[in-house]
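J.: I'll drop the sequence and a predicted model, then ask my questions.
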Amino acid sequence: MSKPLASALPANIATACALVVLLAASVANAQPEPVSGGLKLVDGATGLKTPRNDLEIGYSRETLSNNLPDWTSSYLLASHRFGKRHVLYGGLRETRRFGLADSEVHAGLYYPLAASWTVQVEGSVSPTHEVLPRHSVYGQLQKSLPGGWGVGFGVRHNEYTLSGSNVVSVLAERYWGNFRGAYTLYSGRPEGASSGSSHRLQLSYYYADRSSVGVSYTDGREVENVGPPRGVLASDVRNWTLSGQHWLTPAWALTYDLVNHEQGNLYRRQGLRLGIRHSF
């Protein structure tokens, strides 16, 4: 089991800073912004230079019903943009769920395959894997279409301590004016169990240079590690999330999520995530 969250965070921040240096060196900003054909590059319209690097540090806390302990998470993220639709990113996080502490490192890449095709690959590893996956791999292929439309297809495999799960996703999105709307279908199946599907609707509004606010709603059945003794299973979910990022200056932004999540009759999670992002 990992160290307590409070004592582990300083060491992880130092490790994350080293990760940032390695990322930058390897190419010569929870989680980069989506890279798709319809993404509004507001800086292009205003003549501002697109920042090449992002660093973000943040913390979240969620309360659970049924006398279950709170969930907490601390994270540090870094990304480097080294060309149009070329983004290398990674991060570290410490979580405490169901009274169990976990640590995780992840890294990923967005890369254009052609003028209208973009691929995303990502992997993560948890040395503790009490609740988080032991390791996870993800891939998504995105296609931009005329009229601000875009589609995507993704596959994720999570390997937990005692079992694994596979999740397939299909995305349809459209950008118009200062808005983005999206629908995602998820189909997941734990190993040795029946599959479940869920639906996610998103609406985002870009109200200033790089600033946005959005709401999402998810309903259906999802694969989730709900903690001991049940472990990984597919259960009914309903989720409302308000999220956004607000740029206070050209270099500093506040990011946030306000979450209300129902995991069938197992528990309800309600909480807030706050982050500070620096671009340079």
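T.: Received it, and whenever you're ready, just let me know what you need. Numbering: from 1, shown residues only.
J.: you'd agree Gly99 is up against Asp70?
T.: No - look at Gly99 against Asp70 with C-beta atoms under 8 Å: they stay out of range, at 9.4 Å. C-betas here are computed from N, CA, C, even on glycine.
J.: and the helices in the stretch 1-150 of the chain?
T.: In order along the chain, the stretch 1-150 of the chain carries the following helices (DSSP state H, counting those that start in this stretch): 5-27, 42-46.
J.: give me the number of residues near Gln263?
T.: When neighbours are defined as other C-beta atoms under 10 Å, Gln263 has 18 of them.
J.: tell me what it is bridged to.
T.: With DSSP bridges as the criterion, the beta-bridge partners of Gln263 are Val237, Tyr267.
J.: residue contacts, it?
T.: For Gln263, the contacting residues are 224, 226, 235-237, 269, taking C-beta atoms under 8 Å, 6 or more residues apart in numbering as the criterion.
J.: repeat that for Asn66.
T.: Neighbour list for Asn66: 266-267 [criterion: C-beta under 8 Å, 6+ apart].
J.: re earlier: closest one to Thr95 out of the contacts of Gln263, please.
T.: Out of the contacts of Gln263, the one with the shortest distance to Thr95 is Arg269. That distance is 12.9 Å, counting by C-beta to C-beta.
J.: which stretch of helix or strand covers that closest one?
T.: Element membership of Arg269, judged by DSSP states H and E, is strand 267-279.
J.: what helices or strands is that strand leaning on?
T.: Taking 3 or more C-beta pairs under 8 Å, 6 or more residues apart in numbering; DSSP states H and E as contact, the helices and strands that strand 267-279 lies on are strand 53-64, strand 71-83, strand 252-263.
J.: try it again with 10 Å
T.: When contacts are defined as 3 or more C-beta pairs under 10 Å, 6 or more residues apart in numbering; DSSP states H and E, strand 267-279 packs onto strand 53-64, strand 71-83, strand 232-247, strand 252-263.
J.: residue contacts, Ser279?
T.: 29, 50-56, 79, 81, 210, 247, 249-253 (C-beta atoms under 10 Å, 6 or more residues apart in numbering).
J.: for Ile276, that is, sorry about that
T.: Residues in contact with Ile276, defined by C-beta under 10 Å, 6+ apart, are 55-59, 248, 252-255.
J.: same thing but 7 Å
T.: Ile276 sits next to 56-58, 254 when contact means C-beta atoms under 7 Å, 6 or more residues apart in numbering.
J.: just the buried members of those?
T.: Buried positions within these, assessed by neighbour count (16 or more other C-beta atoms under 10 Å), are 56-58.
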